[in-house]
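Novice: Got a sequence here, can you build the structure:
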Amino acid sequence: MRLRHVPVSPPANSAVADGGRMHDAESRRISRQLTDPGTERCFDASDVMPPAVRDAFHESVLLFLDSPEVAPRLKSIQAVQDAERGKLVRSGRLAPGEPWMRGICSK
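Specialist: Numbers count the residues shown, from 1 in each chain. Modelled structure (predicted):
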């Protein structure tokens, strides 16, 4: 999954020395990862979920905020995930027992 490149704004505090840039190797590496438009990013697990599973996850998060019960939310998400996996197996695009939902988060 490629995310749209969003230009990084200059620092809000113009008094920050050197425009807020860091000069150590680790800071430069992190800066490249966050600003390079060719870098794939994984912000949370929903970035690699099939759309139906992602939507069930997001809906469960919102429902949890209204009523913080974990077990029914997890069962709901698992049911959607099982259904989506079953579709892939039945279509022959995934072998039974084969791992799935691999992506940039699982590297």
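Novice: Can you tell me the SS state at Leu94?
Specialist: coil (DSSP: H, G, I helix; E, B strand; the rest coil).
Novice: again, but for Ala83
Specialist: helix.
Novice: Quick check: pLDDT value at it.
Specialist: pLDDT, Ala83: 95.
Novice: what's the neighbour count on it?
Specialist: Ala83 is flanked by 12 other residues according to other CB atoms under 10 Å. The way it works is simple: take the backbone N, C-alpha and C, and place the C-beta from them, glycine included.
Novice: State the distance from it to Leu74.
Specialist: Computed as CB to CB, to the nearest Å, the Ala83 to Leu74 distance reads 15 Å.
Novice: the domain parsing of this structure - what is it?
Specialist: 10-41, 45-98 (automatic domain parsing).
Novice: Deepest-packed of those, please.
Specialist: Most buried of the domains of the chain, by mean neighbour count (mean count of other CB atoms under 10 Å): domain 45-98, with a mean of 13.
Novice: what's the span of that one from first residue to last?
Specialist: End-to-end distance of domain 45-98: 19 Å, with CA to CA, to the nearest Å as the criterion.
Novice: Helices along the chain, start to end?
Specialist: 25-35, 51-66, 70-91 (DSSP state H).
Novice: So for Glu98, which of these sits nearest?
Specialist: Among the helices of the chain, helix 70-91 comes nearest to Glu98, with 8.3 Å by CB to CB.
Novice: So which elements touch that closest one?
Specialist: For helix 70-91, the packing partners by 3 or more CB pairs under 8 Å, 6 or more residues apart in numbering; DSSP states H and E come out as helix 51-66.
Novice: Okay, now the unreliable bits of this protein?
Specialist: The chain contains residues with pLDDT under 70 at 1-23, 102-107.
Novice: now with 90?
Specialist: Across the chain, the ranges flagged by pLDDT under 90 are 1-51, 68, 97-107.
Novice: Quick check: Ser67 vs Asp36, distance?
Specialist: Distance from Ser67 to Asp36, by CB to CB: 41 Å.
Novice: follow-up on the earlier one: closest one to Arg41 among the helices of the chain?
Specialist: Between Arg41 and the helices of the chain, the shortest gap by CB to CB is with helix 25-35, which sits at 7.5 Å.
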